[in-house]
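Chemist: Task: produce atomic coordinates for the following.
(chains A and B)
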Amino acid sequence: MSAVLNIGFLPLTDAAALIAAVDFGFAQAQGLAINLHRDVSWANLRDRLMVGHYDAAHMLAPLALAASMGVGQARCPLRAPFLLNLNGNGITLSKRLLEDFAAIGCDPLADWMSAAKGLAAMVRARQATGAARITLATVHLFSAHTYLLRHFLSAGGLDPDRDVELVVAPPPFMVDFMDRGLIDGFCVGSPWNSLAVDRGRGVLVALGCEVLPDAPEKVLALPAQGRLTRDGEGAALLRALSQASAFAADPVNRSALSKAMARPDRLDCPAEVIARTFSGRLALDLDGRCRERADFIRFAGPGLHRPDACASWIVAQMVEAGQITDRAAALEVAARVFAPDLAAAAGL
Amino acid sequence: MAIPMESSLKVLLVDESPIRAAIIEDGLREGGFSHVVRLSTTDMLVRRINEIDPDVVLIDLANPQRDSLEQMFQVSRLVRRPITMFVDESDADQTRAAVEAGVSAYIVNGLRKDRVKNIVDMCVTRFHVFARLAEELAETRTALADRKTIDRAKAMLMKTRSISEEEAYAMMRRAAMNQKARLSDIARAIITAAEIC
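Modeler: Purely as a prediction, here's the structure:
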């Protein structure tokens, strides 16, 4: 067995394949020993990849490209050979807004478009009276969350850059910020929407898969010059992750996997909440309203893990959000970052 | 634009540990950086940073708000000045030292990097000093707890077997040597056994 691989992750449901690979023996079967490290920010994961603390990390797919291009940060050339999942995000609005929705005769839980249009009407009303702007948070500037929230706002008839304030906050702080009136809602990944709903602080008004179906979410990121891009270990890791992803996607394993992921050194949250996000049957509020989507979070499917499929989608989103202007240059970097060669070497 | 002198540079230090923040602030003042603002709250950094308007931001890697900070640098309508992340490819060694020490630095107002290099170097050194102190403290606490456990087990043996303190200690030492265990582990086993019986 070769030297231990250090892999960083953030406590999210879509770290499932990484955790399953270690806790259910898929890595070991490939001759790999892995130490998983829970971290607190995407910036930390990126920096620790660059200085060699981590050999690989859980990463927002758009951030892997932005970091490699040096947009909004020092340039950190990464490779993203494996797409871990599609979807998994949701938009939660503060309980405090429910009165405003009621005042305009809108049920924000009817469907996501009702919520988007109701929010737009509320924003227009506030603009007319000179009331404070609505502030919404996402988890990172370069994330599917940002693009999802922008689409949600646009669909309702708002200009995401002018009509609301968009900020970034860490998921564990979101509910607290909402309670203190600093933000009015947020777009986060699982299980953070469900945790906010369970604590009675917000209502889940949109599932990511409803607004932007099959959005590429997290990748496995490697430093471009790291050991995993050079030898057979990288392919072995991708094979282990592919098997672990199939395991995570199979409903039979959800209970055992949720328990493993609930541990204090993994997600440190109730196993039931993780199991619920796997099932795709999400509570929208505390009064028992639910929405169910089989594609709420997707870990496996034909060609799902191939990274090259998401390159043009991510570049298009970044251009649309005004984060970059040179589409051709971005596509060129994206072709390197999301190159399918490592996936192909692993037989994916 | 006139380049500010060290004494006029405003350094924002975001650190959850008040003791470490004090150690670093002390170092900054010694180095002639007298204008230091400390934040150790879970406030929304975005709002506070616009108010504080710092030239350099030093942030503890354990603070989950680094992503918020980087977004603010990228999009803020208020801070319209060039931002440099100190950590980049041209400073590989210093970057590694900073990340290993657990600190990250951002230069907010387009200062030349060499002018703030000493801030980061000092910070890295003091983060290491703090880590060593914390480690020593943890060791001392463990040693103290072990000492108490050993004393308690010894007292139990003296009472149940009617032996002297020296004999009780010798008995535990022998058991530790035979089982290749630590004395404190043997003491814990004795206490556990006594609690069960």
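
Chemist: Stretch A:7-16 near chain B anywhere?
Modeler: No - using C-beta under 8 Å from any C-beta of the partner chain, stretch A:7-16 stays clear of chain B, coming no nearer than 9.2 Å. C-beta coordinates here come from the backbone N, C-alpha and C atoms, glycine included.

Chemist: For that stretch, give the mean pLDDT please.
Modeler: In this model, stretch A:7-16 has a mean pLDDT of 97.

Chemist: any idea how far it is from the chain center?
Modeler: 10 Å (C-alpha atoms, centre = their mean, to the nearest Å).

Chemist: C-alpha coordinates for it, PDB please?
Modeler: This file holds the C-alpha atoms of stretch A:7-16, laid out as PDB (Å, rounded to 0.1, in the frame of the first residue of the first chain):
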ATOM      1  CA  ILE A   7      -8.200  14.600   1.300                       C
ATOM      2  CA  GLY A   8     -10.100  17.700   2.500                       C
ATOM      3  CA  PHE A   9     -13.900  18.100   2.500                       C
ATOM      4  CA  LEU A  10     -16.600  20.400   3.900                       C
ATOM      5  CA  PRO A  11     -19.500  19.000   5.900                       C
ATOM      6  CA  LEU A  12     -22.100  18.600   3.100                       C
ATOM      7  CA  THR A  13     -24.200  15.700   1.900                       C
ATOM      8  CA  ASP A  14     -22.400  15.700  -1.400                       C
ATOM      9  CA  ALA A  15     -19.200  14.600   0.400                       C
ATOM     10  CA  ALA A  16     -21.000  11.200   0.400                       C
END
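
Chemist: How about the residues of the stretch 1-150 of chain A by chain B?
Modeler: A:40-44, A:47-48, A:50-53, A:72-76, A:139-141.

Chemist: Return the subset of those residues lying in strands.
Modeler: Among these, no member is found in strands (DSSP state E).

Chemist: Just the buried ones from those residues?
Modeler: A:40-44, A:47-48, A:50-51, A:53, A:72-76, A:139-141 (16 or more other C-beta atoms under 10 Å in any protein chain shown).

Chemist: report the longest helix in chain B, please.
Modeler: helix B:113-161 (DSSP state H).

Chemist: So which elements touch that one?
Modeler: helix B:18-30, strand B:56-60, helix B:92-101, strand B:103-107, helix B:165-178, helix B:183-196 (3 or more C-beta pairs under 8 Å, 6 or more residues apart in numbering or on different chains; DSSP states H and E).

Chemist: how much space is there between the residue in chain A sticking out farthest from the centre and residue A:165?
Modeler: In chain A, counting by C-alpha atoms, centre = their mean, residue A:129 sits farthest out from the average C-alpha position, at 35.6 Å. Residue A:129 is 17 Å from residue A:165, where distance means C-beta to C-beta, to the nearest Å.

Chemist: likewise residue A:101?
Modeler: From residue A:101 to residue A:165 the distance is 19 Å (C-beta to C-beta).

Chemist: Of those two, which one has the most company?
Modeler: When residue A:101 is set against residue A:165 and neighbours are counted by other C-beta atoms under 10 Å in any protein chain shown, the residue ahead is residue A:101, at 21 against 17.

Chemist: now the helices and strands packed on helix B:113-161 in JSON lines, with distance to chain A?
Modeler: Below are these laid out as JSON lines (distance: least, C-beta to the nearest C-beta, whole Å):
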{"stretch": "helix B:18-30", "distance to chain A": "16"}
{"stretch": "strand B:56-60", "distance to chain A": "9"}
{"stretch": "helix B:92-101", "distance to chain A": "4"}
{"stretch": "strand B:103-107", "distance to chain A": "7"}
{"stretch": "helix B:165-178", "distance to chain A": "30"}
{"stretch": "helix B:183-196", "distance to chain A": "23"}
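
Chemist: For residue A:59, which of the ones you listed is the nearest?
Modeler: Comparison of the helices and strands packed on helix B:113-161 against residue A:59 by C-beta to C-beta identifies helix B:92-101 as nearest, at 16.5 Å.

Chemist: buried ones in the closest one?
Modeler: Buried residues in helix B:92-101 (16+ other C-beta under 10 Å): B:94, B:95, B:96, B:97, B:98, B:99, B:100, B:101.

Chemist: same thing with stretch B:146-157?
Modeler: B:146, B:149, B:150, B:153, B:154, B:156, B:157.

Chemist: ditto for stretch A:244-253
Modeler: Buried residues in stretch A:244-253 (16+ other C-beta under 10 Å): A:244, A:245, A:246, A:247, A:248, A:249, A:253.

Chemist: mind checking the end-to-end distance for that stretch?
Modeler: In stretch A:244-253, first residue to last residue: 11 Å (C-alpha to C-alpha, to the nearest Å).

Chemist: residues in contact with the helix or strand encompassing residue A:102?
Modeler: According to DSSP states H and E, residue A:102 maps onto helix A:97-103. Residues from elsewhere that reach helix A:97-103 (C-beta atoms under 8 Å, 6 or more residues apart in numbering or on different chains): A:107, A:108, A:118, A:119, A:122, A:125, A:184, A:185, A:203.

Chemist: Looking at those, which is nearest chain B?
Modeler: residue A:184 (13.0 Å; C-beta to the nearest C-beta).

Chemist: just checking, the closest one touches residue A:136?
Modeler: Yes - here residue A:184 reaches residue A:136: they are 6.3 Å apart, a contact under C-beta atoms under 8 Å.

Chemist: Which residue, neighbours along the chain excluded, lies closest to the residue of the stretch 201-348 of chain A found nearest chain B?
Modeler: Going by C-beta to the nearest C-beta, chain B is nearest to residue A:323 of the stretch 201-348 of chain A, at 8.1 Å. Leaving out its chain neighbours, the residue that sits closest to residue A:323 by C-beta to C-beta, 6 or more residues apart in numbering or on different chains is residue A:71, at 6.5 Å.

Chemist: Which residues are in contact with that neighbour?
Modeler: A:142, A:318, A:323, A:324.

Chemist: next one: residue A:346
Modeler: By C-beta under 8 Å, 6+ apart, the neighbours of residue A:346 are A:234, A:235, A:236, A:238, A:239, A:242.

Chemist: Output the buried residues of stretch A:244-253 in CSV, with distance to chain B and pLDDT appended to each entry.
Modeler: Putting the buried residues of stretch A:244-253 into CSV (distance: C-beta to the nearest C-beta, whole Å; pLDDT from 0 to 100) gives the following:
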residue, distance to chain B, pLDDT
A:244, 26, 98
A:245, 26, 98
A:246, 31, 98
A:247, 29, 98
A:248, 25, 98
A:249, 28, 97
A:253, 30, 97
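
Chemist: Give the burial count for residue B:31, as a bare number.
Modeler: Neighbours around residue B:31, by other C-beta under 10 Å: 15.

Chemist: Tell me the confidence at it?
Modeler: Residue B:31 is given a pLDDT of 82.

Chemist: wouldn't it be in contact with residue B:119 here?
Modeler: Yes - Residue B:31 is within contact range of residue B:119, at 7.1 Å (criterion: C-beta under 8 Å).

Chemist: give me the number of residues near residue A:345?
Modeler: 14.

Chemist: In terms of helix, strand or coil, where does residue A:222 fall?
Modeler: strand (DSSP: H, G, I helix; E, B strand; the rest coil).

Chemist: I figured it hits residue A:56, correct?
Modeler: Yes - Residue A:222 sits in contact with residue A:56 when judged by C-beta under 8 Å, with a separation of 5.1 Å.

Chemist: any idea how far residue A:95 is from chain B?
Modeler: With distances taken as C-beta to the nearest C-beta, to the nearest Å, residue A:95 is found 19 Å from chain B.

Chemist: which residues touch that residue?
Modeler: A:200, A:201, A:202, A:203.

Chemist: Out of the residues you listed, which end up buried?
Modeler: A:201, A:202, A:203.

Chemist: Need the residues you listed in a markdown table (columns: distance to chain B, pLDDT and secondary structure).
Modeler: Listed next are these as a markdown table, based on distance: C-beta to the nearest C-beta, whole Å; pLDDT from 0 to 100; DSSP: H, G, I helix; E, B strand; the rest coil:
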| residue | distance to chain B | pLDDT | secondary structure |
| --- | --- | --- | --- |
| A:201 | 16 | 93 | coil |
| A:202 | 17 | 96 | strand |
| A:203 | 22 | 97 | strand |
